[in-house]
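1. just coords:
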């Protein structure tokens, strides 16, 4: 197995254990993460997204498959099942990931999934009916980024008080 494929597997094995620190350790310091909700997260912020998501997960189940990689690029398929905290609805998200590598670490990580489908599961009828609409998708992105900013502020305050 190529070393970069092993790196991807290590990333998702850490995710299965909700070990966000191990996930972040797989990232290059200048990583760029993108998905339909979180756009252009760079460096520490990408790791903080995983810290936030793992930290609040209560019933997260992650599976992954079809991992492949070479010296430059990699791919994986992964699925996450969890309860969306804001509504209590169960979400089963199906994601395809693409990676690039630098210095033996993940340099770019792009997850692709159907945001309308996700919104239908997470938000219920509103998401099913309106999840395709740019204003609804924009609101989802805005709320997610606001949650990440609050998480980072709390994390920084905790670090300063130690």
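-> Nice, I can see it. Not measured: the values here are computed from a predicted model. Numbering: from 1, shown residues only.

2. which helix or strand contains the residue most central in space within the chain?
-> By C-alpha atoms, centre = their mean, the chain has its centre lying nearest to residue 50, at 5.9 Å. Using DSSP states H and E, residue 50 sits within helix 44-56.

3. related to what we said a few turns ago, wait, the residue nearest to the centre of the chain sits on residue 20?
-> Yes. Assessed by C-beta atoms under 8 Å, residue 50 is found in contact with residue 20 at 4.3 Å. C-betas here are computed from N, CA, C, even on glycine.

4. mind listing what residue 117 touches?
-> Applying C-beta atoms under 8 Å, 6 or more residues apart in numbering to residue 117 gives the contacts residue 131.

5. scan the chain for its longest helix.
-> For the chain, the helix with the greatest residue count under DSSP state H is helix 134-161.

6. other SSEs contacting the helix or strand just after the helix holding residue 50?
-> Note on helix 44-56: by DSSP H and E, the next helix or strand toward the C-terminus is strand 61-69. If you count contacts as 3 or more C-beta pairs under 8 Å, 6 or more residues apart in numbering; DSSP states H and E, strand 61-69 packs onto helix 3-16, strand 73-84.

7. which other residues reach strand 61-69?
-> Contacts with strand 61-69, where a contact means C-beta under 8 Å, 6+ apart, come from 2, 4-5, 7-9, 12, 15-16, 74-82, 99, 101.

8. repeat the analysis, applying 10 Å as the threshold.
-> 1-9, 11-18, 54, 74-82, 92-93, 95-97, 99-101, 106 (C-beta atoms under 10 Å, 6 or more residues apart in numbering).

9. give the buried residues for the lowest-mean-pLDDT helix or strand in the chain.
-> The weakest-scoring helix or strand in the chain, judged by mean pLDDT, DSSP states H and E, is helix 125-130 (a mean of 80). Within helix 125-130, the residues scored as buried using 16 or more other C-beta atoms under 10 Å are 127, 130.
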